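Q: below is the sequence, then the predicted model.
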Amino acid sequence: MTEFEQATLETLVSFKAKDQAEIKQLLTNKKLKKEACALVKKWNDKRKQLGLIPWE
C-alpha cells in the first residue's frame, strides 16, 4: 500500500468508525483496503487524463 492509499484508508475509517475498537478492526479490513486502493487508482487515472502527475 502506498502512503496515499494508506491516507485514503484512514480517511474512510474515520468516516465509518464509531469507537477505538472499531478503528483497529477497520484498519485491517481487507475489503476497505481494496476500496481505498480502487479509489486511488480511479483518481490517478483521472489525473493522468487531465495531464496531471498521479499521486503515489
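A: In hand now; what should we look at?
Q: please make it C-alpha for all contacts and neighbour counts, starting now.
A: Will do.
Q: burial measure for residue 47, as a count.
A: Residues lying near residue 47 (other C-alpha atoms under 10 Å) number 14.
Q: how much space separates it from residue 21?
A: 35 Å (C-alpha to C-alpha, to the nearest Å).
Q: so who does the residue nearest to residue 33 when sequence neighbours are not counted touch?
A: Distances taken as C-alpha to C-alpha, 6 or more residues apart in numbering place residue 9 nearest to residue 33, at 6.2 Å, with adjacent residues excluded. Listed by C-alpha atoms under 8 Å, 6 or more residues apart in numbering, the contact partners of residue 9 are 27, 32, 33, 36.
Q: most neighbours of all those, which one?
A: Using other C-alpha under 10 Å as the neighbour criterion, residue 36 leads the contacts of residue 9 with 23 neighbours.
Q: from residue 51, how far off is the residue nearest to residue 33?
A: Separation of residue 9 from residue 51 (C-alpha to C-alpha): 25 Å.
Q: also residue 11?
A: 26 Å.
Q: who has more neighbours, these two?
A: More crowded of residue 11 and residue 51, by other C-alpha under 10 Å: residue 11, with 12 against 9.
Q: now do the residue nearest to residue 33, the pLDDT please.
A: Looking at residue 9, its pLDDT reads 96.
Q: ditto for residue 24
A: The model's pLDDT for residue 24 equals 92.
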